[in-house]
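> Show me the folded form of this:
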Amino acid sequence: MTPEIHLISNEDGTDMELDDVRLHPNIEKILTDEQWVDDATGLIPHCLAILKKCHHLTERLVAMMMTRVPQQSNQDLNEIIDVAKKISPRVDDVVRAMYPPLDPRLLEARCMALILSVTHMALVIRSVCQLRTCNWVEAALTDMEENLQVLREAGIALEAASSHQINGISTLECNELNPSEFLTSNAALARNSLNSNQC
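Predicted coordinates:
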């Protein structure tokens, strides 16, 4: 399956204004695309949740900036826009990783990179607004950590399954072996491992 959503924007953002700052030009289409409903892994809803939360957080940050600092200096504005322009490619990375075959480890890495980009923008805006803390930003980031944790656990499970297939014999095969066969098999694996380490 190939992406049906236009991802990378051709706009360089040179004439971008603060009220143009968004998570991604096509974020609504990404979030509502019907192709995601065919996901059987249960991972895509968590990716969509992270995208949606990052989208809402970005909108709220921009609104706060425009309210608290109505007259932004060119330096502040350029800094925020520069940070914002780096977020859309991270969204593209997440969306690409959402197409099969799915790798939960890649999904976690891509979603984490997106969250870090949005966090960077939050820190810049918080600094411009001269806020020491912002509880709702912290709450939003904590909320997304729950979705990341699901992806992380799926990745750990995949690694464990892969390691089991590579390094040993399946549980069913172990049950079918008598003890001497099992010990012989493990000894052979140990010798192979030792030989590979000596190369």
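
> looking at it, A113 is touching V91, isn't it?
No. A113 is beyond contact range of V91, at 10.0 Å (criterion: C-beta atoms under 8 Å). Yep, even glycine has a C-beta here, placed from its N, CA and C like the rest.

> more crowded one of the two?
Neighbour totals were compared for A113 and V91, and V91 leads with 26 against 15 (other C-beta atoms under 10 Å).

> Neighbours of the nearest residue to that one once chain neighbours are set aside, how many?
Distance criterion C-beta to C-beta, 6 or more residues apart in numbering; nearest residue to V91, sequence neighbours excluded, is H24 at 4.1 Å. Counted with other C-beta under 10 Å, the neighbours of H24 add up to 26.

> what's the helix or strand for H24?
Secondary structure assigned from DSSP states H and E places H24 in neither a helix nor a strand.

> Numbering from 51 from now on, please.
Sure, I'll start numbering at 51, so the last one becomes H74.

> From G205, how far off is it?
24 Å (C-beta to C-beta, to the nearest Å).

> wait, what's in contact with the residue nearest to V141?
H74 makes contact with I80, H105, I137, S138, V141, D142, according to C-beta atoms under 8 Å, 6 or more residues apart in numbering.

> center of the chain - which residue?
Against the mean C-alpha coordinate of the chain, by C-alpha atoms, centre = their mean, the closest residue is C161 at 0.8 Å.

> so where does it fall, helix or strand?
In the assignment (DSSP H and E), C161 maps to helix 154-178.

> just the helices in this structure please.
With DSSP state H applied, the chain shows helices at 77-82, 94-118, 124-135, 137-147, 154-178, 185-217, 221-226, 229-248, listed in chain order.

> quick one: which of the contacts of H74 is nearest L181?
I137 (20.2 Å; C-beta to C-beta).

> so how many other residues sit close to the closest one?
22.

> What is the burial count for K136?
Taking other C-beta under 10 Å as the criterion, the count of residues near K136 is 11.

> can you pull the buried residues of the helix holding C161?
154-162, 164-165, 167-169, 171-172, 174-176, 178 (16 or more other C-beta atoms under 10 Å).

> Good, we can wrap up now.
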